[in-house]
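Peer 1: Okay, structure incoming, though there's no sequence with it:
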């Protein structure tokens, strides 16, 4: 479930972010309580609190006194913008280099991508 490549709080935060991007958590939805997540995943509540606090700091969730944590309006749009920017900055250059090394052309790749998304073969 958890890997050793990054701190557990960061992995938990990324899971919540993934749920937002996938539509499993929508604006206005409540996040599970710190105690519930800690119990479900056998984590220290401080670890869960740290993950949730980062989400608050990034204004992706908000604390409602006495009620819990809720996904903010605009959280998904903010996440998409930052994830797209990160992809273009960090992942795309390596992909372009690999495409170049393999001698692929864009038309080939687009045909292959279209065939895969339609369930067919290139």
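Peer 2: Nice, thanks for sending it over. Note that this is a predicted model, so its numbers are computed, not measured.
Peer 1: Just the element for residue 70, please.
Peer 2: Using DSSP states H and E, residue 70 maps to strand 68-71.
Peer 1: What helices and strands are in contact with that strand?
Peer 2: Using 3 or more Cβ pairs under 8 Å, 6 or more residues apart in numbering; DSSP states H and E, the elements in contact with strand 68-71 are helix 45-57, strand 61-64. (C-beta placed from N, C-alpha, C; glycine too.)
Peer 1: Dump those into a markdown table; add mean neighbour count and mean pLDDT as well.
Peer 2: A markdown table is the format used below for the helices and strands packed on strand 68-71 (neighbours: other Cβ atoms under 10 Å; pLDDT from 0 to 100):
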| stretch | mean neighbour count | mean pLDDT |
| --- | --- | --- |
| helix 45-57 | 17 | 97 |
| strand 61-64 | 15 | 96 |
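Peer 1: can you put the ones you listed in TSV and add distance to residue 5?
Peer 2: Below are the helices and strands packed on strand 68-71 laid out as TSV (distance: least, Cβ to Cβ, whole Å):
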stretch	distance to residue 5
helix 45-57	16
strand 61-64	24
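Peer 1: between the ones you listed, which gets nearest to residue 13?
Peer 2: Nearest to residue 13, of all these, is helix 45-57, at 4.2 Å by Cβ to Cβ.
Peer 1: Now do that closest one: distance to the chain's middle.
Peer 2: Offset of helix 45-57 from its chain centre (Cα atoms, centre = their mean, to the nearest Å): 15 Å.
Peer 1: Can you give the contact residues for it?
Peer 2: 8-10, 12-13, 16-17, 31, 34-35, 37-38, 61-63, 69 (Cβ atoms under 8 Å, 6 or more residues apart in numbering).
Peer 1: Buried ones among those residues?
Peer 2: When these are checked for burial by 16 or more other Cβ atoms under 10 Å, the buried set is 8, 9, 12, 13, 16, 17, 31, 34, 37, 38, 61, 69.
Peer 1: Between the residues you listed, which sits nearest residue 109?
Peer 2: residue 17 (27.6 Å).
Peer 1: which stretch of helix or strand covers that closest one?
Peer 2: Residue-wise, residue 17 maps onto helix 8-22 under DSSP H and E.
Peer 1: Quick check: mean pLDDT of the helix or strand just after that helix?
Peer 2: On the C-terminal side of helix 8-22, the closest following helix or strand by DSSP H and E is helix 34-41. Mean pLDDT, helix 34-41: 95.
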